[in-house]
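Colleague: need a structure here:
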Amino acid sequence: MVLAGLLAPVTAKAAPSACAGLQEKFPDWKGKTLVNAINPHTPGYEAIDPKDPNKYVGFDIDLGEEIGECLGFKVTYKAVTFAALLTTLASGQADIVISDIYATEERAKAADFITYSKVFDGVLVAKGNPKKIDGINLSLCGAAAAENTGFVEVPLVQDMGPKCKEAGKPEPTLQLYDNNANCIQAILAGRADTYVNDVNTVDQAVKANPGKLEKAVAVTIPYSVGIAVPKDKPKFREAVMAAMNEIYKSGDQAALLKKWELDPANLKEPGLLTVK
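Modeller: Purely as a prediction, here's the structure:
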């Protein structure tokens with residue numbers, strides 16, 4: 001196991017009572033320290049604590065801490081770009097990825113996913129929506145879209161190019177950045193017209209900049225958010241899945257959504273996505 005982390009862990013809440021039995025069933029991780037690879041630029045999910053730069057805070061941070069408490073291990077963190085999350089996991093520099101990452105068939109070739117949240121994307125635009133963008137559709141034609149490198153929204157925007165061209169309209173342009181903060185800043189600076197991402201991230205951006213940004217619309221994306229674990233550690237995958245089931249059944253997962261002011265509609269019974 002990788003034992004080095006960058007920032008201090010936070011204290012987890014008490015785990016569900018059934019977790020004692022899970023530690024007996026899965027003893028290999030009890031007393032260990034595991035590394036969670038994160039891209040800490042998504043307020044509400046994972047971000048540097050504004051009150052303490054030596055800590056991370058957010059829904060995913062709390063969730064990871066509770067999984068650790070349930071299975072008896074401690075969590076430390078390795079901050080990387082979003083595009084490097086799965087390669088960091090595959091290289092052994094991290095043991096798990098809990099960082100608002102959408103579980104897709106393509107990503108599941110590199111890691112197994114325990115899914116735990118439904119996905120709704122928001123379309124972030126400048127206040128007043130000057131380009132009248134209303135979704136991942138022809139309203140994007142001629143617009144400049146800021147996106148995170150490696151995000152599933154990148155090909156969705158790219159796929160609009162031929163459709164715009166067929167409609168006799170200019171193709172959208174794509175600006176790639178390493179994190180949410182830079183994408184949002186691109187709109188604030190007037191470099192980009194829109195940013196499509198998790199609706200809670202978009203809502204947080206609007207809340208922070210109510211006079212400058214707005215959410216044009218929310219769109220359904222056919223994915224789930226997932227926890228990535230190494231493909232060559234099926235027992236660990238089974239353990240994390242079991243812990244997630246207990247956290248879900250206990251109501252703790254719903255409570256964390258409420259704590260971090262995330263949409264309760266995101267709540268999803270844990271599932272599994274694996275690809276050989």
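Colleague: just the element for the spatially most central residue of the chain, please.
Modeller: Taking C-alpha atoms, centre = their mean as the criterion, D100 is the residue nearest the geometric centre of the chain, at 1.0 Å. Assigned by DSSP states H and E, D100 belongs to strand 97-103.
Colleague: give the contact list for the closest residue to the residue nearest to the centre of the chain other than its chain neighbours.
Modeller: For D100, ignoring the flanking residues on the chain, the nearest one in space by C-beta to C-beta, 6 or more residues apart in numbering is Y45 at 4.4 Å. In this view, the C-beta of every residue, glycine as well, is placed from N, C-alpha and C. Taking C-beta atoms under 8 Å, 6 or more residues apart in numbering, we find Y45 in contact with 58-60, 99-100, 198, 200-201, 260.
Colleague: tell me what the strand holding D100 is packed against?
Modeller: With contacts taken as 3 or more C-beta pairs under 8 Å, 6 or more residues apart in numbering; DSSP states H and E, strand 97-103 sits against strand 33-38, strand 46-49, helix 59-71, helix 85-90, strand 112-126, strand 213-229.
Colleague: after the longest one, next one along is what?
Modeller: So that's strand 213-229. Assigned by DSSP H and E, the successor of strand 213-229 is helix 234-250.
Colleague: now the first helix or strand past that following helix going along the chain and helix 234-250, what's the angle there?
Modeller: Moving toward the C-terminus from helix 234-250, the next helix or strand (DSSP H and E) is helix 252-259. With axes from the mean of the first three to the mean of the last three C-alpha atoms, to 10 degrees applied, the angle from helix 252-259 to helix 234-250 works out at 70 degrees.
Colleague: what sits up against helix 252-259?
Modeller: Helix 252-259 has contacts (C-beta under 8 Å, 6+ apart) with 13, 16, 59, 62-63, 66, 116, 244, 247, 263-264, 266-267.
Colleague: just the buried residues of those residues.
Modeller: 16, 59, 62-63, 66, 116, 244, 247, 266-267 (16 or more other C-beta atoms under 10 Å).
Colleague: so which two of the residues you listed are the farthest from each other?
Modeller: Taking C-beta to C-beta, the two most distant members of those are P16 and N266; they sit 20.0 Å apart.
Colleague: same for the lowest-mean-pLDDT helix or strand in the chain, what does it pack against?
Modeller: The weakest-scoring helix or strand in the chain, judged by mean pLDDT, DSSP states H and E, is strand 41-42 (a mean of 91). Applying 3+ C-beta pairs under 8 Å, 6+ apart, one finds that strand 41-42 contacts helix 180-188.
Colleague: report how many residues lie close to A110.
Modeller: 15 (other C-beta atoms under 10 Å).
Colleague: excluding chain neighbours, what is closest to it?
Modeller: L86 (4.7 Å).
Colleague: surely the one you found meets A108?
Modeller: No: using C-beta atoms under 8 Å as the test, L86 is too far from A108 to be in contact (9.9 Å).
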